[in-house]
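Peer 1: Model the following, please.
(2 chains)
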Amino acid sequence: MAARVRALETILTQKGLIDPAAIDAIVDTYETKVGPRNGAKVVARAWTDPGFAGWLAKDATAAIASLGFTGRQGEHMQATFNTDETHNLVVCTLCSCYPWSVLGLPPVWYKAPPYRSRAVIDPRGVLAEFGLNLPANKKIRVWDSTAELRYLVVPQRPAGTEGWSEERLADLVTRDSMIGTGFALDPGRGSVAA
Amino acid sequence: MSRSEAEGTSGVPTDLDAPVFAEPWQAQAFALTLALHERGLFSWSEWADALSAEVKKPDAATDGSDYYERWVAALESLLALKSVALTPEVDAVAAAWERAAYATPHGKPILLENDPLSP
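Peer 2: Residues are numbered from 1 along each chain as shown, chains lettered A, B, ... in the order given. All right, here's what the predicted structure looks like:
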């Protein structure tokens, strides 16, 4: 497989379609610079700034771009807010569409067939496997991503975080909590540097 | 819910700290796709369709472990469709890279010129 990819790179370079230096720059960006911390900043801002939360709910693409995170594929973003009544879960049944600009690259399980098929058929069962046992009366909404529209789950702000700074709050926001397969960390037990 | 309690117990594994690319070629394939899209060679919907067609083939791994093999196959199919690189050409250059790798002494950078059959 390595030889095939090298072959593609050779052919595309010879045809002037790519610049090898630009390829290295993209790899570097996605390996080291883009990751779920971007999304955590978006969530923490929404938790502390009701105006931003409202903007995020209405036009997530613009609200997220205002923090400097823009998609490279021109995709639109939609934020889905968890509430006491509803839990949101994101999947891409088609392939692996994912909000790269805010979450980096998807975890292996997100791209795997079991999650892609079962998240739609049996979301409650899938969530239980992630350790999330939701009460029977809590509604689960499953959002199926596309090439044009990607979703970001805004988890509920944990209790006991009144008066916390945005930075400290962002440490409680995990990648999984923004896909919907987790909650934000409990401030009492999350073993993070505060 | 603490992080440790959120570990998956079966079926759907969690991998909070796993590297995003298992091998360098996966990162290269990923970056090639992004660069070509940014150049306007294909739309992201075209890409999603190509990738989707590959990952739902019946011989695809059920655990997604061949995801980047599928990615490369999708990229090749799209490049063939756009007449940018046809399969025989990719086969030939890939074979040249393999011969070059074989002919290169250990520890030296592999160069296409090291292919003993190169003109």
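Peer 1: which phi and psi does the closest residue to A:Pro123 other than its chain neighbours have?
Peer 2: Distances taken as C-beta to C-beta, 6 or more residues apart in numbering or on different chains place A:Ile140 nearest to A:Pro123, at 4.7 Å, with adjacent residues excluded. C-beta coordinates here come from the backbone N, C-alpha and C atoms, glycine included. Note on A:Ile140: its backbone torsions stand at phi -110, psi 130 [degrees, to the nearest 10].
Peer 1: likewise A:Thr86?
Peer 2: For A:Thr86, the backbone dihedrals (degrees, to the nearest 10) come out as phi -130, psi 140.
Peer 1: With the one 4 residues further on instead?
Peer 2: Backbone torsions of A:Val90, given as degrees, to the nearest 10, read phi -110, psi 140.
Peer 1: same thing with A:Leu17?
Peer 2: Torsion angles at A:Leu17 (phi, psi; degrees, to the nearest 10) stand at phi -90, psi -20.
Peer 1: got the contact list for it?
Peer 2: Applying C-beta atoms under 8 Å, 6 or more residues apart in numbering or on different chains, we find A:Leu17 in contact with B:36, B:39, B:41, B:84.
Peer 1: Retrieve the pLDDT associated with residue 35.
Peer 2: Looking at chain A here, since you left the chain open. Residue-level confidence at A:Gly35 comes out at 80, pLDDT.
Peer 1: other chain: chain B
Peer 2: Per the predicted model, pLDDT is 94 at B:Ala35.
Peer 1: Verify the contact between it and A:Ile23 for me.
Peer 2: Yes. Assessed by C-beta atoms under 8 Å, B:Ala35 is found in contact with A:Ile23 at 5.8 Å.
Peer 1: what sits against A:Leu8?
Peer 2: With contacts defined as C-beta under 8 Å, 6+ apart, A:Leu8 is in contact with B:29, B:32, B:72, B:75-76, B:79, B:85, B:90.
Peer 1: Mind pulling the model confidence for it?
Peer 2: Predicted confidence (pLDDT) for A:Leu8: 95.
Peer 1: secondary structure class for it?
Peer 2: helix (DSSP: H, G, I helix; E, B strand; the rest coil).
Peer 1: what's the spacing between it and B:Leu78?
Peer 2: Counting by C-beta to C-beta, to the nearest Å, the gap between A:Leu8 and B:Leu78 amounts to 11 Å.
Peer 1: nearest residue to the residue positioned nearest the centre of chain B other than its sequence neighbours?
Peer 2: Nearest to the mean C-alpha position of chain B, by C-alpha atoms, centre = their mean, lies B:Val72 at 3.6 Å. Excluding its sequence neighbours, the residue lying closest to B:Val72 (C-beta to C-beta, 6+ apart) is B:Ala29, at 5.0 Å.
Peer 1: State the pLDDT value of the residue in chain A positioned nearest to chain B.
Peer 2: Proximity of chain A to chain B (C-beta to the nearest C-beta) peaks at A:Ala112, 3.0 Å away. Note on A:Ala112: pLDDT of 86.
Peer 1: Backbone dihedrals for it, please?
Peer 2: Dihedral angles of A:Ala112 (phi, psi; degrees, to the nearest 10) stand at phi -80, psi 140.
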